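Undergrad: pasting the sequence and the predicted coordinates here, then a few questions.
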Amino acid sequence: MTCADYRAAMDAYLDDELQSSTPGAEQRLASANPERVKTLPLPLVGGRTGRLIVGVNPRRPFDGQYRSFLHLVADQFRTVMMPKGPEFIGDCQMLARIGFDNRFEPVTFDLGPGHSVAWDLRGATVTYQGRSKVTPVVPPVPGIIFLPLQHTALRNPGPAGSLRHFVEMLFWAGNSAEGWSLTWYLFEVVREDVVQIAVLNDVKTARERPGPNDRIDPRTVVSFALQSDGRLNWSIRR
C-alpha cells in the first residue's frame, strides 16, 4: 500500500462513516436556517478542504466576536485532529519503512442462501436478499498488520435455534518504542447489518515486528460461546 492508496482508502472510509452515522446530513444542512447553522472551512492535506458545521446560540447575536471564537475552534480542530502536509508525508514514509503495508486480505464469507459478507479496506459489504450495505469497520490506519479473518457460525440454544454468524478480526499495531500489541474484534452479521460485539486490546504483545509467517488462529487467542439464554460470553486464553 502506498501513501496514495492509504489516502484513497481513508477518504472512502470517512465518506462511508459520515453517510452511515448521519444519513441525510447534506439534505438537512441544505434546508437548515443559515442564521442558526454556520459552516467553516478546514484546509486539509493536498489542497482538500473539510468543513466544520456548528449550530449557533439563538439567544446571542452572531457578531464579530462570536465569529472569531468559531474560527478559533476550527483552527483547533485543524491543528489537533487533521494531518499536515509535510508531516503527513513524512509519517507516511516512516510507516512504510516500519510496516505500512497492512497485508489486509479481502475475503468473502457465504452465510446462507442469498446472504454473504465481503470484507476489504472499505469495511464489510453485506448482501442479503438482493440488498447490499457497506459498513465501515476499522479505518485503514498505517502500521496495522491485519491477520486473516475468521468466520464462526453458532446455533442459538433450543431445538429450533437459528444460526448466528460471527467474524473475528485480529491485527497487530505498534511502534518502535513500545513493541507490538494484538487487538481482537468480534462482529456479528445480522441480516444486512454488521454489529460490533466486543473488542479486546493487548491480548498478546511482541517486542519485534511480526513477520509475514506469524499467523495466529483467533481461536487460540480468545474463546467465545453462546450461553443457554442466547447471550454471548468471551474470554482471553492464557
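TA: Cool, the structure landed.
Undergrad: got any ranges where the protein has weak pLDDT?
TA: For the chain, the stretches with pLDDT under 70 are 1-23, 42-49, 76-103, 138-143, 159-160, 175-178, 211-214, 238.
Undergrad: would you map the helices across it?
TA: Applying DSSP state H to the chain gives helices spanning 3-21, 25-31, 64-81, 85-98.
Undergrad: neighbours around the residue nearest to V37 when sequence neighbours are not counted, how many?
TA: Distances taken as Cβ to Cβ, 6 or more residues apart in numbering place G55 nearest to V37, at 5.7 Å, with adjacent residues excluded. Placement of C-beta: from N, CA and C, glycine included. Neighbour count for G55, taken as other Cβ atoms under 10 Å: 10.
Undergrad: number the residues from 46 up from this point.
TA: That works, and once the first residue is 46, the last one we named lands at G100.
Undergrad: who touches R236 in this structure?
TA: V171, Y173 (Cβ atoms under 8 Å, 6 or more residues apart in numbering).
Undergrad: for L192, see how far away D247 is.
TA: 15 Å (Cβ to Cβ, to the nearest Å).
Undergrad: A163 now?
TA: Where L192 is concerned, A163 sits at a distance of 18 Å (Cβ to Cβ).
Undergrad: so between the two, which is more surrounded?
TA: Between A163 and L192, counting by other Cβ under 10 Å, L192 is the more crowded of the two (22 against 16).
Undergrad: okay, now the domains of the chain?
TA: When the chain is parsed with automatic domain parsing, its domains come out as 48-141, 147-281.
Undergrad: most packed of these?
TA: Ranked by mean neighbour count, the domains of the chain are led by domain 147-281 with a mean of 15 (mean count of other Cβ atoms under 10 Å).
Undergrad: identify the residue spatially nearest to R264, adjacent ones excluded.
TA: In space, R264 is closest to Q195, 7.2 Å off (Cβ to Cβ, 6+ apart).
Undergrad: could you measure from G206 over to E237?
TA: When G206 is compared with E237 (using Cβ to Cβ), they lie 21 Å apart.
Undergrad: can you pull the contacts of the residue nearest to V82?
TA: R81, V82, K83.
Undergrad: can I assume E233 is in contact with L208?
TA: No - using Cβ atoms under 8 Å, E233 makes no contact with L208, being 11.3 Å away.
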